[in-house]
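Asks: would you be able to build a 3D model of this:
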Amino acid sequence: MTDDLTSALREAERRLQAAQLAGDADALDELLDDRLIYTGGPDGARYTKQDDLDIQRSRTQILSRVDEEDLIVFVEGHTGVTWFLGTLEGAFGGTPFAARLNFTRTWIYTPDRGWRVIAAHASPA
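Replies: Below is the predicted model:
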């Protein structure tokens with residue numbers, strides 16, 4: 001079962017990356033837990049799921065590149081962690097950016113909803 005959950009988590013992480021690149025707020029809504037807290041961004045601020053969805057729906061952030069360099073996936077029971085290293089490019093509020101970042105995401109699994117991100121942190125690589 002752990003191997004199945006690990007494969008499913010790897011797939012969920014990659015769906016998250018694809019949804020971010022596409023600006024797909026509906027897909028993100030399914031992949032982000034309602035209690036999500038994300039710490040990161042240029043100011044190190046905390047954001048909620050609703051903040052993230054609002055940014056996507058308003059097109060405040062538009063990504064043109066999400067390149068995964070490395071991905072580590074860990075599962076213990078119904079909790080998982082992904083460590084993503086990659087390059088993101090795009091614009092935030094009309095200002096272009098490019099950054100090589102480390103993301104640490106904590107995921108929870110339920111049989112009815114699958115894997116969802118409950119906590120995330122990003123820092124420069």
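
Asks: and the helices in this protein?
Replies: Using DSSP state H, the helices of the chain run over 2-22, 25-31, 49-57.

Asks: can you list the buried residues in the first one?
Replies: Judged by neighbour count (16 or more other CB atoms under 10 Å), helix 2-22 contains these buried residues: Leu5, Ala8, Leu9, Arg10, Ala12, Glu13, Arg15, Leu16, Gln17, Ala19, Gln20, Leu21. Glycine gets a C-beta too; all of them are placed from N, C-alpha and C.

Asks: now render the helices of the chain as CSV, adding distance to Ser123 and mean pLDDT.
Replies: Converted to CSV, the helices of the chain look like this (distance: least, CB to CB, whole Å; pLDDT from 0 to 100):
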stretch, distance to Ser123, mean pLDDT
helix 2-22, 17, 96
helix 25-31, 21, 98
helix 49-57, 17, 96
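
Asks: of all these, which one comes closest to Thr104?
Replies: helix 2-22 (11.5 Å; CB to CB).

Asks: what about the residue at minimal distance from the centre of the chain, distance to Arg113?
Replies: Centroid check for the chain by CA atoms, centre = their mean gives Leu16 as the closest residue, at 5.4 Å. Distance of Leu16 to Arg113, given as CB to CB, to the nearest Å: 14 Å.
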